[in-house]
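Asks: just a sequence and a predicted model for now, questions to come.
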Protein chains: 4
Amino acid sequence: MTEPSPAEFRNLVEGIFEQVPFVREIGLALHDFNFVEQTLSGRFVTKPELIGNHFQNILHGGVIATALDTVGGFTAMVAAYQRMGGAIDWDEKVQRLMRLGTVDMRVDYLKPGRGEEFICEGSVLRVGNKLVVTRMELRNEKEELIATGTATFLY
Amino acid sequence: MTEPSPAEFRNLVEGIFEQVPFVREIGLALHDFNFVEQTLSGRFVTKPELIGNHFQNILHGGVIATALDTVGGFTAMVAAYQRMGGAIDWDEKVQRLMRLGTVDMRVDYLKPGRGEEFICEGSVLRVGNKLVVTRMELRNEKEELIATGTATFLY
Amino acid sequence: MTEPSPAEFRNLVEGIFEQVPFVREIGLALHDFNFVEQTLSGRFVTKPELIGNHFQNILHGGVIATALDTVGGFTAMVAAYQRMGGAIDWDEKVQRLMRLGTVDMRVDYLKPGRGEEFICEGSVLRVGNKLVVTRMELRNEKEELIATGTATFLY
Amino acid sequence: MTEPSPAEFRNLVEGIFEQVPFVREIGLALHDFNFVEQTLSGRFVTKPELIGNHFQNILHGGVIATALDTVGGFTAMVAAYQRMGGAIDWDEKVQRLMRLGTVDMRVDYLKPGRGEEFICEGSVLRVGNKLVVTRMELRNEKEELIATGTATFLY
């Protein structure tokens, strides 16, 4: 295959995003995607299986970590793709992007994960020829900041 | 209710552990529990829904984070319970333990999450009258260290 | 002593900031202070003792961590002070603020610490009646983002 | 220069360690070095300039972070050196080791930094062909665990 257009690249990213089994399990879907600013967001709605605390009806911390890791990872993928630029051919880019993995992540749980729906946004703090560092923020439908995170990815 | 015996306390912890909706979703169950050493572990087996990368058939980072957060949280609960000691009555202890929540967590993904079954162990690094800090390690059935984490809990 | 005015409180914070021995060693001084927005910054200039890598003439990571921890801690102090409010008397507030300590911190080193002078800014992510979580950013005189951090403080 | 013997390599590491300006400022010196187990430790003694809190006479968090970052970095250097193996010649190894830098670090402050002297030990959690992840522990002369950390290094 030859290098995709930005629109084709977005479709590819969306396709991969929505095929990750555990991401489907959570119900997380690609929400927004800005190729130029290298930001990306995902959205999911509350459902009983995602609860971590019966009594308080709040999301499990693992659901929040999953959203942050996933959104951070796809944000990193977009940044890494652009960083590789024109000198690397498309097949090699695909190979490297498919190997992109989380090295480490910090999550800060700022407020109980209460809400009907959640948006998780990612942005890039650093992009090099091996590593990408991203920040992520999770908000509920009232725009309350529920959690933030920082993660390092290797590609 | 009056203060439980250690055996009763273990049963209570196990009961709560297995009723957390998202923990059931992952299939994570209490595996081992050492009241004296304040260590605790959980176990789960691979299933298709937990996969994060089709091509490589490895666990999603969010599954690993969920196991670490859950096991760390229950380890913290055991430590906090003992720390509160005899001066605080059982009802107040229950109130405080039910509010125990993760403040922040770091996860280090050391190897791809490949395996048939996984054991996640937690131990205590610090226990105070407000905070507990725990370390967690996730290994597969070959005893390979897949991930480690450190988390801070408030109660 | 009775409750200070905001201007007196700023002077107190500045006085304490500049008496911390290791902060003096670095040459870090209070730069800006916004009582209402709960932001605070410190400033220091490069000097030979702060270098971590001869060949590249860049700051040691420990200098950056020191600036982030210090600025985060004083930002947390301002937030904790306001959070305690009118119901707690000044003497008790002082007692609690003097015990304020860092629980954990993550630092992300985004670019080599090259520059003539550095500004480190802190802001509040969460403030509760026991904990404060802050974010910190360190920039050089060209406004390049050198490092970011997140820290949790107990008071 | 040709490939050094393990003893020569240890001397080189020690020489570099003790020439880092900010490490000298702290008074941190190489203490122990195990080439086979890839562990390394540093030692320093308290002095007035290292204090963070007058009233309590405890180390500044930045001193602890400096010790952890330094010891982690040199541990990573030893691991990276061995990982590069025989296929890469000595000059290229030196080039890569001189560029080794901290990507991110988490520090957990477990107890106040009280003591006469401190030992900081590093060990390897992961070593790849680009990254090394290390754990660090800081203890005082009573063997009390004061702080732990985890850091990711790129080379």
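Replies: Everything's here; your move.

Asks: what does chain A have sitting close to chain C?
Replies: A:106, A:108, A:110-111, A:125-126, A:133, A:135, A:145, A:148, A:150, A:152 (Cβ under 8 Å from any Cβ of the partner chain). The C-beta positions use only the backbone N, C-alpha and C, and glycine is treated the same way.

Asks: write the PyMOL selection for whichever of the residues you listed are buried.
Replies: Here is the PyMOL command that selects the buried residues among the residues of chain A next to chain C (16 or more other Cβ atoms under 10 Å in any protein chain shown):
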select buried, chain A and resi 106+108+110+111+125+126+133+135+148+150+152
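
Asks: between the residues of chain A next to chain C, which is nearest D:E8?
Replies: Nearest to D:E8 among the residues of chain A next to chain C is A:T152, at 33.6 Å by Cβ to Cβ.

Asks: in which helix or strand does the closest one reside?
Replies: Here A:T152 is covered by strand A:145-154, with elements defined by DSSP states H and E.

Asks: the residue of chain A positioned farthest from its centre and chain C, how far apart?
Replies: Going by Cα atoms, centre = their mean, the residue of chain A most distant from its centre is A:F55, 29.1 Å out. Note on A:F55: its distance to chain C, by Cβ to the nearest Cβ, to the nearest Å, is 19 Å.

Asks: one more: A:G113?
Replies: Computed as Cβ to the nearest Cβ, the A:G113 to chain C distance reads 14 Å.

Asks: next: A:V94.
Replies: Using Cβ to the nearest Cβ, A:V94 is found at 27 Å from chain C.

Asks: that residue: neighbour count?
Replies: 13 (other Cβ atoms under 10 Å in any protein chain shown).

Asks: for the one 5 residues further on, same thing?
Replies: A:R99 is flanked by 13 other residues according to other Cβ under 10 Å.

Asks: relative to the whole chain's centre, how far out is stretch A:55-65?
Replies: 18 Å (Cα atoms, centre = their mean, to the nearest Å).

Asks: check stretch A:108-126 too.
Replies: Centroid displacement of stretch A:108-126 relative to its chain, using Cα atoms, centre = their mean, is 11 Å.

Asks: near chain D at all, it?
Replies: No - if you take Cβ under 8 Å from any Cβ as the test, stretch A:108-126 misses chain D, and the best it gets is 8.6 Å.

Asks: would that stretch count as contacting chain B?
Replies: Yes - contact of stretch A:108-126 with chain B (Cβ under 8 Å from any Cβ) involves A:108-109, A:112.

Asks: likewise for stretch A:31-45?
Replies: No - using Cβ under 8 Å from any Cβ, stretch A:31-45 never reaches chain B; the gap is at least 11.8 Å.

Asks: export that stretch to CSV, keeping only CA atoms.
Replies: The C-alpha coordinates for stretch A:31-45 follow below in CSV (Å, rounded to 0.1, in the frame of the first residue of the first chain):
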residue,chain,number,x,y,z
HIS,A,31,-14.5,10.7,19.4
ASP,A,32,-12.3,13.4,18.0
PHE,A,33,-9.1,13.5,16.1
ASN,A,34,-6.9,16.5,15.1
PHE,A,35,-4.1,15.5,12.8
VAL,A,36,-2.4,18.9,12.9
GLU,A,37,-2.5,19.5,16.7
GLN,A,38,-1.9,15.8,17.4
THR,A,39,-4.8,15.6,19.8
LEU,A,40,-7.2,12.7,19.9
SER,A,41,-10.1,11.8,22.2
GLY,A,42,-12.3,8.9,23.1
ARG,A,43,-15.8,8.7,24.6
PHE,A,44,-17.7,6.1,26.6
VAL,A,45,-20.9,5.9,28.5
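
Asks: state the mean pLDDT of that stretch.
Replies: Across stretch A:31-45, the average pLDDT comes to 95.

Asks: so which residues make contact with that stretch?
Replies: Contact partners of stretch A:31-45, identified using Cβ atoms under 8 Å, 6 or more residues apart in numbering or on different chains, comprise A:6, A:9-10, A:13-14, A:17, A:26-30, A:50, A:67, A:70-71, A:74-75, A:78-79, A:82, A:116-124, A:127.

Asks: buried subset of the residues you listed?
Replies: A:9-10, A:13, A:17, A:26-28, A:30, A:50, A:67, A:70-71, A:74-75, A:78-79, A:118-124, A:127.

Asks: which parts of chain A are helices?
Replies: Shown for chain A, the helices assigned by DSSP state H span residues A:6-17, A:21-26, A:61-84, A:90-99.

Asks: thinking again about what came up before, nearest to chain D, of the residues of chain A next to chain C?
Replies: Comparing the residues of chain A next to chain C against chain D with Cβ to the nearest Cβ places A:T152 closest, at 5.7 Å.

Asks: hey, what's that closest one bridged with?
Replies: A:T152 has these beta-bridge partners by DSSP bridges: A:D104, A:V133.

Asks: and the helices of chain A as JSON lines, adding mean pLDDT and distance to D:R43?
Replies: Shown next, in JSON lines, are the helices of chain A (pLDDT from 0 to 100; distance: least, Cβ to Cβ, whole Å):
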{"stretch": "helix A:6-17", "mean pLDDT": "91", "distance to D:R43": "49"}
{"stretch": "helix A:21-26", "mean pLDDT": "96", "distance to D:R43": "45"}
{"stretch": "helix A:61-84", "mean pLDDT": "97", "distance to D:R43": "37"}
{"stretch": "helix A:90-99", "mean pLDDT": "93", "distance to D:R43": "40"}
